[in-house]
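> okay, predicted coordinates and the sequence, questions at the end:
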Amino acid sequence: MSGSSSPGDLGRADDATASANGAQRAVVYAGPGRAEVADVRLPALETRAGPGVLPRRCDHGVIVRTLATCVCGSDLHTLHGPGATPGMVLGHELTGVVVEVGRDVERVKVGDACSVPFNVACGRCANCRAGLTGHCLSANPSRPGATYGMGEGFGGWAGMQAEYALVPYADFNLYVFADADQARERLLDVAMIGDILPTGYHAARSAGVAPGSTVYIAGAGPVGLACAAACRMLGAAAIIVGDFNAERLEHVRSVGFIPADLANGSLEEIVAEVVGRPLVDVGIDCVGASDAAVAKAAAGGMVAPALALNDIIGIVRHGGSIAIPGVYPAGAPGVRPPLGVWLGGVWSKAITVTSGATPVRRYQDELAAAVLLGGVGIGDVVHATTIPLAKGAEAYEMSGAGASRKFVLTP
Ligand SMILES: NC(=O)c1ccc[n+]([C@@H]2O[C@H](COP(=O)([O-])OP(=O)(O)OC[C@H]3O[C@@H](n4cnc5c(N)ncnc54)[C@H](O)[C@@H]3O)[C@@H](O)[C@H]2O)c1
Ligand SMILES: [Zn+2]
Ligand SMILES: [Zn+2]
């Protein structure tokens, strides 16, 4: 570990050992569809170019020792997509303890327990100041918006599925827990505020979910479940979650939501049974389309990769709204992926649509309180399951196979 503070700042024996060795364990991209655990360089407050990492000075950054870092559907996109480089550290958020602070950091201190949002945001540009931290204008030289562990197209920031990670612009990006011991005790709950709970909440809020709303959520993965939890927090009257995965649908029922088994029934009929008519106020797409699905469609093998979104367009009432947290690829410059979205349905029903990367930091204060004081039980809702970082590759395999769990890697 290097940088502007002394090794004494690391404070703990394991930090000192890591520092002396200069290496750490991390989950890295190992070629199309494959993750593996490998030794990589320890992070410093000045990054050097490496797989998926751009060089820069980071006196505004801190080094965090990881307590928990999740595997996400977006990591699966990275694993199967075109933007990864072999050896690149994966992962885009973590919960941890600050072990070293840069010269320009004023608010965050060594020993702080913190949550790191998946967005890298400078806190100074027009978008960051407007709360659009998912679309920071400075943290990614190639376009607005930066994320850890997704390669140079996302800003070239090292991933977070590692024992230690660099967090730039730390005064702005870090959520610091008021009570570090409480955060450690509730690790499986607080680990969800770096990504999926804010994502589900942002989707529900931006689609106007309110007391009495009827909601259809496509996708019973961790994001769909976190979104269902958010809709419950916001007072929705009916929360229906659709999927084809029987194990995930059983879990949906067990945590108090209404499953829609799309493999064995029509969405219209299921919704009509619950709501009294085959229409909902709000639809939320927690599925998205993978690069693989888009490639298949481009090759003529699939009618439309946007199947979940088209179901939603069909089931939302006139004047209703749709949120799309599920990722849809923008395509390479000059190439528009053939998604086959039913835009005529959106237009004819005057549906309002919101989408995009979640501005996580905007919601963390209220969601940390909701999780720690308000009994949201988010760890149980998403079936959070710890697995050692050393078994990170297995967590990817199980997530990719549709296990009804949210894997939380612990070093
Ligand atoms: N907007 C953001 O900031 C943000 C943040 C986190 C994740 N995401 C994205 O959210 C999406 C979901 O993430 P996840 O971790 O839950 O992924 P996941 O792959 O674990 O879950 C997706 C689920 O959708 C189901 N599904 C597939 N087609 C369907 C259809 N037509 N109708 C209903 N269900 C269908 C799958 O069976 C699966 O259970 C991903 O695209 C991910 O990249 C976005
Ligand atoms: Zn994610
Ligand atoms: Zn910014």
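Cool, the structure landed. Bear in mind that the values here come from a model prediction, so they are computed numbers and not experimental data. Ligands and ions are numbered 1, 2, ... in the order given.
> and the most far-flung residue of the chain relative to its centre, how far from Arg184?
For the chain, the residue at maximal distance from the C-alpha centroid (CA atoms, centre = their mean) is Gly276, at 34.0 Å. Distance from Gly276 to Arg184, counting by CB to CB, to the nearest Å: 46 Å. C-beta: built from backbone N, CA, C; applies to glycine.
> likewise for Glu394?
Distance from Glu394 to Arg184, counting by CB to CB: 25 Å.
> just say helix, strand or coil for the residue in the stretch 201-350 of the chain that ligand 2 sits nearest to.
With CB to the ion as the measure, Val223 is the residue of the stretch 201-350 of the chain nearest to ligand 2, at 7.8 Å. Three-state call for Val223 (DSSP: H, G, I helix; E, B strand; the rest coil): helix.
> burial count for it?
30 (other CB atoms under 10 Å).
> same check, this time on Glu106
Residues near Glu106, counting by other CB under 10 Å: 9.
> just give the closest residue to it, not the sequence neighbours.
Among residues not flanking Glu106 along the chain, Asp171 sits closest, at 5.9 Å (CB to CB, 6 or more residues apart in numbering).
> same question for His383.
Nearest one to His383, counting by CB to CB, 6+ apart, is Arg405 at 4.8 Å.
> need the residues of the stretch 151-300 of the chain near ligand 2, please.
The stretch 151-300 of the chain has residues Asp195 near ligand 2, with proximity defined as CB under 5 Å from the ion.
> flag the shaky bits of the stretch 151-300 of the chain, pLDDT-wise.
297, 300 (pLDDT under 70).
> for it, which segments count as strands?
Using DSSP state E, counting those that start in this stretch, the strands of the stretch 151-300 of the chain run over 164-167, 175-176, 214-218, 238-243, 258-261, 280-285.
> of these, flag the one that's most buried.
The highest mean neighbour count among the strands of the stretch 151-300 of the chain, using mean count of other CB atoms under 10 Å, belongs to strand 214-218: a mean of 30.
> tell me which other helices or strands that one touches.
helix 222-233, strand 238-243, helix 267-275, strand 280-285, helix 307-315 (3 or more CB pairs under 8 Å, 6 or more residues apart in numbering; DSSP states H and E).
> show me where the stretch 1-150 of the chain has its helices.
13-21, 73-80, 126-129 (DSSP state H, counting those that start in this stretch).
> ok, now which ones touch Gly73?
Neighbouring residues of Gly73 by CB atoms under 8 Å, 6 or more residues apart in numbering: 221-223, 288, 327, 399.
> 6 Å instead?
Shown in contact with Gly73 (CB atoms under 6 Å, 6 or more residues apart in numbering): Gly221.
> do you know how far it is from ligand 2?
To ligand 2, Gly73 is 7 Å away according to CB to the ion, to the nearest Å.
> how near is that residue to Pro222?
7 Å.
> just give me the neighbour total for Val408.
The burial count for Val408: 23, using other CB under 10 Å.
> return the distance of the residue in the chain that ligand 2 sits nearest to relative to Ala228.
Going by CB to the ion, ligand 2 is nearest to Cys72 of the chain, at 3.1 Å. From Cys72 across to Ala228, the span is 17 Å (CB to CB).
> among those two, which residue is more densely surrounded?
It is Ala228, of Cys72 and Ala228, that has more neighbours when counted by other CB under 10 Å, with 28 against 25.
> you'd agree that one is up against Ile239?
Yes - with contacts counted by CB atoms under 6 Å, Ala228 reaches Ile239, the gap being 5.1 Å.
> returning to what we had before: show me the contacts for the nearest residue to the residue of the stretch 201-350 of the chain closest to ligand 2 once chain neighbours are set aside.
Once flanking residues are discounted, Val223 sits nearest to Cys286: 4.4 Å by CB to CB, 6+ apart. For Cys286, the contact set (CB under 6 Å, 6+ apart) comprises 217, 219, 223-224, 227, 325-326.
> and if you look at Ala203?
Per CB under 6 Å, 6+ apart, neighbours of Ala203: 227, 284, 323, 325.
> shared neighbours, Ala228 and Ile239?
Phe257.
> the closest residue to Ser355 other than its chain neighbours: how many residues sit nearby?
Nearest non-adjacent residue to Ser355, counting by CB to CB, 6+ apart: Ile324, 3.9 Å away. Per other CB under 10 Å, the neighbour tally for Ile324 reads 25.
> pLDDT value on Ile324, please?
Ile324 carries a pLDDT value of 98.
> and the one 3 residues further on, by the same measure?
Confidence per residue is given as pLDDT, and for Val327 that number is 94.
> and if you look at Val335?
85.
> show me the contacts for the nearest residue in space to Val40 that is not next to it in sequence.
Distance criterion CB to CB, 6+ apart; nearest residue to Val40, sequence neighbours excluded, is Ala26 at 4.6 Å. For Ala26, the contact set (CB under 6 Å, 6+ apart) comprises 40, 89, 162.
> phi, psi for the residue nearest the centre of the chain please.
The centroid of the chain falls nearest to Asp195 when counting by CA atoms, centre = their mean (3.8 Å). Here is the backbone geometry of Asp195 (degrees, to the nearest 10): phi -150, psi -80.
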